[in-house]
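Q: build me a model from this:
(2 chains)
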Amino acid sequence: EAGVTQFPSHSVIEKGQTVTLRCDPISGHDNLYWYRRVMGKEIKFLLHFVKESKQDESGMPNNRFLAERTGGTYSTLKVQPAELEDSGVYFCASSQDDSQGPYEQYFGPGTRLTVT
Amino acid sequence: GNSVTQMEGPVTLSEEAFLTINCTYTATGYPSLFWYVQYPGEGLQLLLKATKADDKGSNKGFEATYRKETTSFHLEKGSVQVSDSAVYFCARGGGGFKTIFGAGTRLFVKA
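A: Okay, here's the model as predicted:
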């Protein structure tokens, strides 16, 4: 069974440009999460989808970030326009529907974003 | 502020040495606690977990015990191997489905 995949693995863009990150969760996982790790600090939660709906987007830093999950399968995270402080590693994770918890989130390898 | 605090790295050990990576948390109630590991070039993997006080999570020779008195979840391994070199993240359930992570501790094991 394929794990969570992310594309691209690395992206280098200039300040002011737009970047779109993609995440393909494990097939059948309704829950999809985005996290990011900035400059070797803690990994921070960005948002959580249940199927195509945003369940919790409390971690989204500002309106330059837009996440979508049309059709409830893969998800994209767009940063527009990118700023220097957006540099970091963006992780995607997915989990099965488990209202009882605790759940196991399966993580992708991450996309390393560098804004210059 | 961050509610999961773990020891700063890097930690460098020789093979077969004893490993401890300290982790403490702040939370209301008793959240689930986790250790994740990220090997070079790979994604995060759940290493072990504990869901209630005094539970001991264990996997691949690693152990951690949920201590509510000290709000700690220290990771231990009796004899590390070179293949254990990775970044280790302590984490807790954050309410709902989110996970709150510490800053990570990089471990280097020398042959």
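Q: shaky segments in the chain?
A: You didn't say which chain, so I picked chain A. Within chain A, the stretches with pLDDT under 70 are A:1, A:98-103.
Q: should've been chain B
A: Ranges of chain B meeting pLDDT under 70: B:1-2, B:95-96.
Q: enumerate the residues of it near chain A.
A: B:2, B:4, B:32, B:36, B:41-46, B:49, B:51, B:89, B:91, B:93-94, B:96-104 (Cβ under 8 Å from any Cβ of the partner chain). Yep, even glycine has a C-beta here, placed from its N, CA and C like the rest.
Q: swap the cut-off to 6 Å and go again
A: B:2, B:32, B:42-44, B:46, B:51, B:96-98, B:101-103 (Cβ under 6 Å from any Cβ of the partner chain).
Q: can you flag the buried ones in these?
A: Among those, those classed as buried by 16 or more other Cβ atoms under 10 Å in any protein chain shown are B:Ser32, B:Gly43, B:Leu44, B:Leu46, B:Phe97, B:Lys98, B:Phe101, B:Gly102, B:Ala103.
Q: for the residues you listed, work out which two are farthest apart.
A: B:Phe97 and B:Ala103 (21.6 Å; Cβ to Cβ).
Q: any residue of stretch A:35-46 touching chain B?
A: Yes - contact between stretch A:35-46 and chain B, assessed by Cβ under 6 Å from any Cβ, occurs at A:Lys41, A:Glu42, A:Ile43, A:Phe45.
Q: now those residues in CSV, with distance to A:Gly16 and secondary structure?
A: Shown next, in CSV, are the residues of stretch A:35-46 next to chain B (distance: Cβ to Cβ, whole Å; DSSP: H, G, I helix; E, B strand; the rest coil):
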residue, distance to A:Gly16, secondary structure
A:Lys41, 24, coil
A:Glu42, 27, coil
A:Ile43, 26, strand
A:Phe45, 26, strand
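Q: and the gap between the spatially most central residue of chain A and B:Thr51?
A: Most central in chain A under Cα atoms, centre = their mean is A:Trp34, positioned 3.0 Å from the mean C-alpha point. Applying Cβ to Cβ, to the nearest Å, the value for A:Trp34 to B:Thr51 is 25 Å.
Q: and A:Tyr90, by the same measure?
A: A:Tyr90 is 28 Å from B:Thr51, by Cβ to Cβ.
Q: how about A:Arg37?
A: For A:Arg37, the distance to B:Thr51 (Cβ to Cβ) stands at 25 Å.
Q: how about the residues of chain A by chain B?
A: Residues of chain A lying near chain B (Cβ under 6 Å from any Cβ): A:Lys41, A:Glu42, A:Ile43, A:Phe45, A:His48, A:Asp56, A:Pro102, A:Glu104, A:Phe107, A:Gly108, A:Pro109.
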